[in-house]
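S.K.: Got a predicted model here, sequence first, then my questions.
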Amino acid sequence: RERQSRLMHLRKEILRKVLSEEELRDLLDPEVVERVDRRLQHLLPERHCRDADEMARMLRELGDLSDQSDQSDRSDEGLTLAARTQGDWYPLLRELADRRRALCVPLNTLEGDPWRWIATESFALYRQAFAHNWKLTAWEEQLLGFMATSKPLTMLDIAKKAGRDLDVRLTVDRLVEGYRLSRLPADQCDRSDGSDRYVLSGLWVPSEFHQSALTRQQARRALIENHLRTHGPVTKYEVMDRYALPMVEVEDALDSLLDAGLVARGEYVNTKPLPQWCWRSNLEEIHRLTLARLRREMEPATATEFSDYMLRWQHCHPDARVEGLDGLREVLRQLQGFENYAGIWELDLLNLRVVSYDPGLLDRLCYSGEVTWRRFGWEEFRRGQIGFCFRDSQKWLPTHPDDIQTPPGQWDGQLAEVCNAVRQFITTYGA
């Protein structure tokens, strides 16, 4: 962590000379990257909208969102209004629509469900980017004339007003795709049957938001720019999937943003293909938060934190105690090689760590040969003390006295005469 913190202070050109691509992508904390991305997308609980004004501000910031809360495609999971709203999102959206601050438009480049809710201020931008342009037929002009003096109407109301219902739905959908009609949410009472309302865009959208001087290419480039502004590191494929735009168009937009110094290109996360693009201010935030997190991790723990860690690590804390035979195995793994008196082992050491400790559990491990007991502290001999170890761990634990090149009577002490007699007897007659 300390090395990572030091590397974060180096310039990118220097890092490329000393680190591989994989190491470069490991510099930024993945959790920080995800949190910044979720914050920008209003997916964190503290960023959820609580009223209609906050939802309008969110739509202006993010661009377009879906009203489908049960998206089957995980790539669209982050585009829903429900994921960004505290409580029920529909009343807030209905309030915005009634106040002419939000409306539903089709992104005609998308397959499947193309409908997205946008702020009214963005209508001209999305119309330039996605509207289908064609010469109106006489029937389409007539239908628009029927709605020129009407309030928002349902599909059934439009059919009654036009005096025909054979091709009304197809015509209305075509006019919506051309952004000549706008779609509004259904009345609350009709919400279950999806009776959305439709209104003439020229009447519903204020004139200052109805026209745009941008070309289609410039409008789409503005949407790509906004996508990068509201995300962390992204790939060109993610940008293409967002609006189903051609690769050449996306690459040209990314190159222009890079030349303008608004985005940075590099290797930032190891879960996405290369290269990746990131809005510069967002990348600076990720860099700053990663560095701050590394510094916090290198701060020394307080005495209270250290003692709490030790108690939990040793399973002495009430919340960290273990149970049963598997729990006893885990405790003995930690304590193997440590010596103490036999009575203390069962009364204090094991009983404190294992819930409802039963001496029979230790006997089972010893009788099965999985665990053995012996002496470990050869240099500081204390009578009556033993230690436990697993048989597969004996090789790296302190060596058995038979393998130590020292005089046999080194630990005899005051019992030297008796010990010599015992050794002589065993040598002569065997054990």
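M.R.: Cool, the structure landed.

S.K.: nearest spatial neighbour of Tyr243, skipping sequence neighbours?
M.R.: In this structure, Tyr243 finds its nearest non-sequential neighbour in Thr109, 5.9 Å apart by C-beta to C-beta, 6 or more residues apart in numbering. Just so you know, the C-beta spots here come from the backbone N, C-alpha and C atoms, and that holds for glycine as well.

S.K.: for Ile118, same thing?
M.R.: The shortest distance from Ile118 to any residue other than its chain neighbours is 4.8 Å, reached at Asp64 (C-beta to C-beta, 6+ apart).

S.K.: now the strands: where do they sit in the stretch 51-200 of the chain?
M.R.: 64-65, 102-106, 115-119, 153-154, 181-184, 197-200 (DSSP state E, counting those that start in this stretch).

S.K.: Mind putting those into CSV with distance to Glu417, mean neighbour count and mean pLDDT?
M.R.: As requested, the strands of the stretch 51-200 of the chain are exported to CSV (distance: least, C-beta to C-beta, whole Å; neighbours: other C-beta atoms under 10 Å; pLDDT from 0 to 100):
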stretch, distance to Glu417, mean neighbour count, mean pLDDT
strand 64-65, 92, 23, 92
strand 102-106, 100, 23, 90
strand 115-119, 96, 20, 92
strand 153-154, 110, 19, 84
strand 181-184, 105, 23, 87
strand 197-200, 108, 21, 88
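
S.K.: and these as TSV, adding distance to Arg220?
M.R.: Supplementary listing: the strands of the stretch 51-200 of the chain in TSV, determined by distance: least, C-beta to C-beta, whole Å:
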stretch	distance to Arg220
strand 64-65	13
strand 102-106	14
strand 115-119	14
strand 153-154	31
strand 181-184	20
strand 197-200	25
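
S.K.: out of those strands, nearest to Leu144?
M.R.: With distances scored as C-beta to C-beta, the stretch of these nearest to Leu144 is strand 197-200 (6.5 Å).

S.K.: Adjacent strands (with direction) for that closest one?
M.R.: strand 153-154 (antiparallel), strand 181-184 (antiparallel) (DSSP bridges).

S.K.: helices or strands next to the next helix or strand after it in the packing?
M.R.: Moving toward the C-terminus from strand 197-200, the next helix or strand (DSSP states H and E) is helix 201-204. Taking 3 or more C-beta pairs under 8 Å, 6 or more residues apart in numbering; DSSP states H and E as the contact definition, the neighbouring helices and strands of helix 201-204 are strand 181-184.

S.K.: Dump the C-alpha coordinates for the strand it packs on into PDB.
M.R.: Output of strand 181-184 as PDB, limited to C-alpha atoms (Å, rounded to 0.1, in the frame of the first residue of the first chain):
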ATOM      1  CA  LEU A 181     -45.800  14.600 -31.000                       C
ATOM      2  CA  SER A 182     -44.600  14.200 -27.400                       C
ATOM      3  CA  ARG A 183     -45.500  11.300 -25.100                       C
ATOM      4  CA  LEU A 184     -46.700  12.100 -21.500                       C
END
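
S.K.: So which residues make contact with that strand?
M.R.: Residues from elsewhere that reach strand 181-184 (C-beta atoms under 8 Å, 6 or more residues apart in numbering): 97, 103-105, 115, 123, 144, 147, 152, 172, 175-176, 196-201, 204-205.

S.K.: please redo it, this time with the cut-off set to 10 Å
M.R.: With C-beta atoms under 10 Å, 6 or more residues apart in numbering as the contact definition, strand 181-184 has outside contacts at 93-94, 96-98, 100, 102-106, 115, 117, 120, 123, 143-144, 147, 152-154, 158, 171-176, 196-205.

S.K.: Ok, stretch 201-211 next?
M.R.: If you take C-beta under 10 Å, 6+ apart as the criterion, stretch 201-211 is touched by 97, 100, 103, 105, 119-125, 127-128, 131, 144, 147-152, 175-176, 178-184, 198-199.

S.K.: Could I have the buried ones of those as PyMOL selection syntax?
M.R.: Selection command for PyMOL covering only the buried members of the contacts of stretch 201-211, criterion 16 or more other C-beta atoms under 10 Å:
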select buried, resi 97+100+103+105+119+120+121+122+123+124+125+127+128+131+144+147+152+175+176+178+179+180+181+182+183+184+198+199
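
S.K.: so where's the stretch 201-350 of the chain uncertain?
M.R.: Under the criterion pLDDT under 70, the flagged ranges of the stretch 201-350 of the chain are 297-298.
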